[in-house]
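Trainee: Structure of the sequence below:
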Amino acid sequence: MKRFLRAVLTLSGLCLLTACGGGGAGTPGCVNTSTIRCTQSGAVQGVATGNLYAFRGIPYAAPPTGNLRWKVPQPPVSWKGVRDASTFGNVCPQIYATGLAGNEDCLVLNVFVSQTPPSQEQPVMVFLHGGGNLHGDTQYTPTPLDAPPLANQGVVVVTAEYRLGMLGFLANPLLTAEGGGASGHYGLMDMIAALQWVQQNIAAFGGDPKHVMLFGQSAGSYDIQFLLAAPVAQGLFSAAGMESNVIPLGQTPPFASVETGDQQLVSDLGCSSEADVLACLRAVPANTIVNLPNIYPYGPGIGSTFLSVDPFTFLQQNGPPVPLLIGSNREEWSVFDDPNAQLDNTAYATAIHQRFDPFGAGVANQVLLLYPPGAYSSPAYALIVVDTDFNMTCEVRNVARAAAGGANRQPVWRYFYTHAFENDPFLLPYGAFHTAELFFVFGNFNDGQQPGGGIVYTPSQADLTFSQSLMGYWTRFAATGNPNGAGAGAWPSYDPSTDSMLQLDDTPIAINGYDNPQCDYLSTLPQP
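Mentor: Alright, predicted model coming up:
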């Protein structure tokens, strides 16, 4: 009778409950079907959506709760039977505009695959969301991450939640001693655990663990620079993509100073005088921790067993360990500086002095010479360009130069994104704003799930063509470490001596440099 039931369950497309519950993929009687896949922790059942299969909310680590709070992620707990993977799991604790959200039981990931069976294993694209390591998630952020058409371009797409804020990045001497010489790196270790899960399980979803592109935007890009330099992350990905954020030289503090700075949280939570400080901290409700005033930085310091060298210096000395795609958007700061603001030349000059007078006499006047308002469509737009260059464009250039500045290094491919949402009169003035490229890279233009609303954009035919172009560049890079091919406009590898890169718009154009005289001066100032 048992043999008969095993045969019936296998033929009906179900993983045998007892087999997958304990043994996972590869256990006799455990088979993958269209919506059921067998991981090492157990079987998951996804759902068909559009032309994709979506597997959401899959645990890649044990819940970091109780005694596991502020510890490196532990393996996920195996389950019996077939786990429902049709809906998202929890987001990690944070504050939305609508209030507190999330749950510490949040170390889950989502896998999106094409419904068309591949003839061979496909490259994998693992994306890290933005949000300053304080906010953000894979389902509600203003980015099109759910069921992305990108997953129909010959790749498997994976998105992951990771611990945020002080729940993910608290450094403390007691935690350091407990953790073998490192603390304050838990969110990054979550990302590493997600990559390890991919290595162990992605073949069941048609993915190739030997070709994994790790890419991220904003804080996700910032985190990737840490992972490029962290020894424990090496070998888990074959290519990296950094979109719209980098870590400049000298911006990562010493580990000891991070530990000292984070002591304020221990005091704020009333645990300083407790006999067992860590037990006290771990008993505090997560929402209480999230509600405390922000403490920065949300990242590790230099000098722990996790990170021994400044991540900028690491790239400068060694180059990236894998091929690197890196870039930024022309109007990143239009999400902070209103492009519709009624600034005249005097108000523009006042804003520049407010920003740059603290750096010394004459600095603001030099910035005004480099960015005269008459050279731009409006003083408001001139201010956007200044802030974008100072906070993003020039820093990205400097990191690209550091990464590519040596012989026999892995190639670096720099882009400069200039495409605007031309089919919407409200969005058009914002140009190529921060996060704008993600809609085109993922091929999904609706983020209306965001609490409080989001944009619903109707792309033009030119937008759709451009999106296909971007997806082509990104997926070829994921597969080979080189974005070129398929007759697309040639993308030159980055050369620090010429600043060769690709300008991404309806017609991609290879260019040499952008605002280099401005960046040469701004780079002499303390970096933001």
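
Trainee: Would you mind finding the longest strand in this structure?
Mentor: strand 207-217 (DSSP state E).

Trainee: Contacts for the helix or strand following it, please.
Mentor: For strand 207-217, the following helix or strand on the C-terminal side (DSSP states H and E) is helix 219-229. The set of residues external to helix 219-229 that reach it, using C-beta atoms under 8 Å, 6 or more residues apart in numbering, is 127-133, 136, 187-188, 191-192, 214-216, 233, 240-247, 298-300, 307, 309-312, 314-315, 320-322, 324, 399. From N, CA and C alone the C-beta is placed, and that goes for glycine too.

Trainee: hmm, try it at 6 Å
Mentor: Applying C-beta atoms under 6 Å, 6 or more residues apart in numbering, the set of residues contacting helix 219-229 from outside is 128-133, 188, 216, 233, 240, 242-243, 245, 247, 311, 314, 320.

Trainee: from the chain's centre, how far out does it sit?
Mentor: With C-alpha atoms, centre = their mean, to the nearest Å as the basis, helix 219-229 stands 8 Å off its chain's centre.

Trainee: residues in contact with residue 216?
Mentor: Per C-beta under 6 Å, 6+ apart, neighbours of residue 216: 128, 224.

Trainee: Any idea what it is bridged to?
Mentor: With DSSP bridges applied, residue 216 shows beta-bridge pairing to residue 128, residue 242.

Trainee: Stretch 174-187: which residues count as buried?
Mentor: Buried residues in stretch 174-187, counted by 16 or more other C-beta atoms under 10 Å: 175-176, 179, 182-187.

Trainee: quick one: the longest strand of the chain to helix 219-229, angle?
Mentor: Calculated by axes from the mean of the first three to the mean of the last three C-alpha atoms, to 10 degrees, strand 207-217 forms an angle of 120 degrees with helix 219-229.

Trainee: Buried residues in strand 207-217, which are they?
Mentor: By neighbour count on 16+ other C-beta under 10 Å, the buried set for strand 207-217 is 207-209, 211-217.

Trainee: so where's the stretch 151-300 of the chain uncertain?
Mentor: Residues of the stretch 151-300 of the chain that meet the criterion pLDDT under 70 lie in 294-297.

Trainee: where do the strands sit along it?
Mentor: 156-160, 207-217, 239-243 (DSSP state E, counting those that start in this stretch).

Trainee: Of the buried residues of stretch 174-187, which belong to helices?
Mentor: Counting by DSSP state H, the buried residues of stretch 174-187 place 175-176, 186-187 in helices.

Trainee: Which of those residues sits closest to residue 518?
Mentor: Set against residue 518, the nearest of these by C-beta to C-beta is residue 187 (33.8 Å).

Trainee: The lengthiest helix in the chain - what's its average pLDDT?
Mentor: As assigned by DSSP H, the longest helix anywhere in the chain is helix 461-480. Mean pLDDT, helix 461-480: 98.

Trainee: quick one, helices of the stretch 401-528 of the chain?
Mentor: Using DSSP state H, counting those that start in this stretch, the helices found in the stretch 401-528 of the chain span residues 436-442, 461-480, 516-522.

Trainee: Out of those, flag the one nearest residue 47.
Mentor: Between residue 47 and those, the tightest spacing by C-beta to C-beta is seen for helix 436-442, at 18.7 Å.

Trainee: rewinding a little: deepest-packed of the helices of the stretch 401-528 of the chain, please.
Mentor: Per-stretch averages of neighbours, counted by mean count of other C-beta atoms under 10 Å, single out helix 436-442 among these, with a mean of 25.
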